[in-house]
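**Q** Build the 3D model from these lines:
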Amino acid sequence: MSDTAFAARVEPHRPELRVHAYRMLGSFEDAEDAVQETFLRAWRSREAFDDSSAVRAWLYRIATNVCLDAIRRADRRPRARTLSSLGEVAWLQPYPDRLLDEVAPPDQEPDALAVRRETIELAYLAAIQLLPPRQRAVLILRDVLDFSAAETAAQLDMSVAAVNSALQRARSTMRANQPIGRNDAPPPEPTKDELELLVRFIDAHERADVAAAVTMLREDARVAMPPHPYWFNGREAIVQSLIVGLRDPGEWRLVPVRANRQPAAASYLRPWGGTKFEAFKFDILRIEGGKVAEITTFDATLFPVFGLPAILLDQARDAT
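**A** A predicted model of the protein is given here:
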């Protein structure tokens, strides 16, 4: 098979394989590496595979095993059985919605779309990192990708009974780590009210208005800042961090972005006495009951992946 023919068969699957690897690994950069390794392994074994109707399952099998190898190699798994904060998952990174939009769900049913959103949210991505590697793979293949127990067993070289047992244990762990305030599955996309709350969040941040920011927070709200191992639990603790974080560094400009199907903003900071608004951080919000339940803050490493400039110009902001 020529390189051109091989690429034509596998490249259409890149977007969904990248999302699969991201769910497995929790890191966008690691997911990119995993997909590259998947295609390399597939290319090496291309002559042994000639069933074009099963190419997707073949690639998923390879990608899943690439991820399992990466997890074992890096030994990336929180030691606790429950998460106190997303900050405990130091390798967690955001995922741009513009790349999620490249993956067409198998159907457009509201329930299926809600599952797609819930299982790409940061809270889910962090919780699934608690699972042993094979449990993690089983949960994603069965509950997210809707592979049958038999198909999953074939993917992982397990028995159907072992797959069912692993799935039961994985679901139990995930229930124990359900996000605070979450009673029902989220809607397929951020709602109008959630996006309006994001606008208010951006306005309060730019004006360094701590009082306004506090009114948007749940009493039990949390802030985490992967890869840093510290976090703030509860509104009172968050207030103290806001007093320093909003007022002391300089002047802020925020741009609404789309990440992990959650309301989010990219922040640019111009230090006092500075001349440029430079890329600084992402804030990704999880909203429950009309209030901010969780803020996860990331550095500016992935700004290029989101199509964001390193320096914010007024016209760039207006066009976003």
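**Q** count of residues packed around residue 251?
**A** Residue 251: 13 surrounding residues under other CB atoms under 10 Å. Bear in mind the C-beta positions are built from the backbone N, C-alpha and C, glycine included.
**Q** ditto for the one 5 residues further on
**A** Residue 256 sits with 14 neighbouring residues when counted by other CB under 10 Å.
**Q** For beta bridges, what are the partners of it?
**A** Per DSSP bridges, the residues bridged to residue 256 are residue 265.
**Q** Now for it: which residues touch it?
**A** Applying CB atoms under 8 Å, 6 or more residues apart in numbering, we find residue 256 in contact with 195, 198, 199, 202, 263, 264, 265, 320.
**Q** quick one: which of the residues you listed has the most company?
**A** Highest neighbour count within the contacts of residue 256: residue 264, with 27 neighbours (other CB under 10 Å).
**Q** OK, contacts around that residue?
**A** 94, 198, 256, 257, 258, 282, 283, 284, 285.
**Q** of all those residues, which comes closest to residue 220?
**A** Closest to residue 220 out of the contacts of residue 264 is residue 285 (14.8 Å), distances taken as CB to CB.
**Q** Quick check: which helices or strands does the longest helix belonging to the chain pack against?
**A** Ranked by residue count and defined by DSSP state H, the top helix of the chain is helix 55-74. Applying 3 or more CB pairs under 8 Å, 6 or more residues apart in numbering; DSSP states H and E, we find helix 55-74 packed against helix 3-10, helix 14-25, helix 28-44, helix 133-139, helix 149-156.
**Q** make it 6 Å
**A** Counting contacts by 3 or more CB pairs under 6 Å, 6 or more residues apart in numbering; DSSP states H and E, helix 55-74 packs against helix 14-25, helix 28-44, helix 133-139.
**Q** what's the closest of these to residue 168?
**A** helix 133-139 (9.6 Å).
**Q** Using PDB, write down the CA coordinates of that closest one.
**A** Extracted as PDB, the C-alpha positions of helix 133-139 are listed here (Å, rounded to 0.1, in the frame of the first residue of the first chain):
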ATOM      1  CA  PRO A 133      -5.400   1.900  32.900                       C
ATOM      2  CA  ARG A 134      -7.500  -1.000  31.700                       C
ATOM      3  CA  GLN A 135     -10.500   0.100  33.700                       C
ATOM      4  CA  ARG A 136     -10.100   3.500  32.100                       C
ATOM      5  CA  ALA A 137     -10.000   2.000  28.600                       C
ATOM      6  CA  VAL A 138     -13.000  -0.200  29.200                       C
ATOM      7  CA  LEU A 139     -15.100   2.700  30.500                       C
END
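**Q** Ranking helices and strands of the chain by mean pLDDT, which lands last?
**A** Ranked by mean pLDDT, DSSP states H and E, the weakest helix or strand in the chain is helix 314-319, scoring a mean of 49.
**Q** pLDDT on stretch 103-117, on average?
**A** Taken as a whole, stretch 103-117 has a mean pLDDT of 69.
**Q** One more: stretch 143-150?
**A** Stretch 143-150 comes out at a mean pLDDT of 94.
**Q** where does this protein have low pLDDT?
**A** Across the chain, the ranges flagged by pLDDT under 70 are 1, 50-53, 78-81, 104-111, 180-185, 314-320.
**Q** Kindly list the longest strand within it.
**A** strand 277-288 (DSSP state E).
**Q** Quick check: neighbours of that one in the sheet, parallel or antiparallel?
**A** Applying DSSP bridges, one finds strand 277-288 paired with strand 262-271 (antiparallel), strand 291-299 (antiparallel), strand 311-312 (antiparallel).
**Q** quick one: which of the ones you listed is nearest residue 148?
**A** Taking CB to CB, strand 262-271 is the member of those nearest to residue 148, at 30.4 Å.
**Q** Can you list the buried residues in that closest one?
**A** 262, 263, 264, 265, 266, 267, 268, 269, 270 (16 or more other CB atoms under 10 Å).
**Q** list the contacts for the second one?
**A** So that's residue 263. Residue 263 sits next to 190, 194, 198, 285 when contact means CB atoms under 6 Å, 6 or more residues apart in numbering.
**Q** And what about the residue nearest to it when sequence neighbours are not counted, helix, strand or coil?
**A** Once flanking residues are discounted, residue 263 sits nearest to residue 198: 4.0 Å by CB to CB, 6 or more residues apart in numbering. What DSSP: H, G, I helix; E, B strand; the rest coil gives for residue 198 is helix.
**Q** Next one: residue 198 relative to residue 266, how far apart?
**A** 12 Å (CB to CB, to the nearest Å).
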